[in-house]
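Chemist: Build me a structure from this.
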Amino acid sequence: MLKFERVEIVQETPGYLHATVTSSLMAYVDDLIVMTCDGGTTLGVRSSSREGYWDMGVNARRVATLIERLRESAAIQ
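Modeler: Okay, here's the model as predicted:
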């Protein structure tokens, strides 16, 4: 199982996950959505800030980290 800090699952159904991620410094809340597409052959990931115009690349790094951890998890199994 992949674990991330400060994550709260809002909704989880087959093929869909919506979670919120709270920043440690300013307690900003970001939305993280992961869903399967194309009949389960593709994974769609979106991480976005709820407030402000600039996130200093936090959401892009979050998506990259998630993809990296999924690849590592798949390689282990």
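
Chemist: give the contact list for Thr22.
Modeler: Contact analysis of Thr22 by CB atoms under 8 Å, 6 or more residues apart in numbering lists 6, 8, 28-30. Just so you know, the C-beta spots here come from the backbone N, C-alpha and C atoms, and that holds for glycine as well.

Chemist: These, buried ones only, as a ChimeraX selection?
Modeler: The buried residues among the contacts of Thr22 can be selected in ChimeraX (16 or more other CB atoms under 10 Å) with this line:
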select :30
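
Chemist: which of the contacts of Thr22 sit farthest apart?
Modeler: Glu8 and Tyr28 (13.7 Å; CB to CB).

Chemist: Contacts made by the lowest-mean-pLDDT helix or strand in the chain with the rest, please.
Modeler: Using mean pLDDT, DSSP states H and E, the weakest-scoring helix or strand in the chain turns out to be helix 58-76, at a mean of 89. By CB under 8 Å, 6+ apart, the residues outside helix 58-76 that reach it are 2, 4, 21, 23, 30, 32, 34, 43, 45-49.

Chemist: So which of these belong to strands?
Modeler: 21, 30, 32, 34, 43, 45-49 (DSSP state E).

Chemist: what about this structure, any weak spots by pLDDT?
Modeler: The chain contains residues with pLDDT under 70 at 1-2, 76-77.

Chemist: Just put the contacts of Thr22 in CSV and tack on distance to Arg62.
Modeler: Converted to CSV, those look like this (distance: CB to CB, whole Å):
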residue, distance to Arg62
Arg6, 11
Glu8, 14
Tyr28, 12
Val29, 13
Asp30, 7
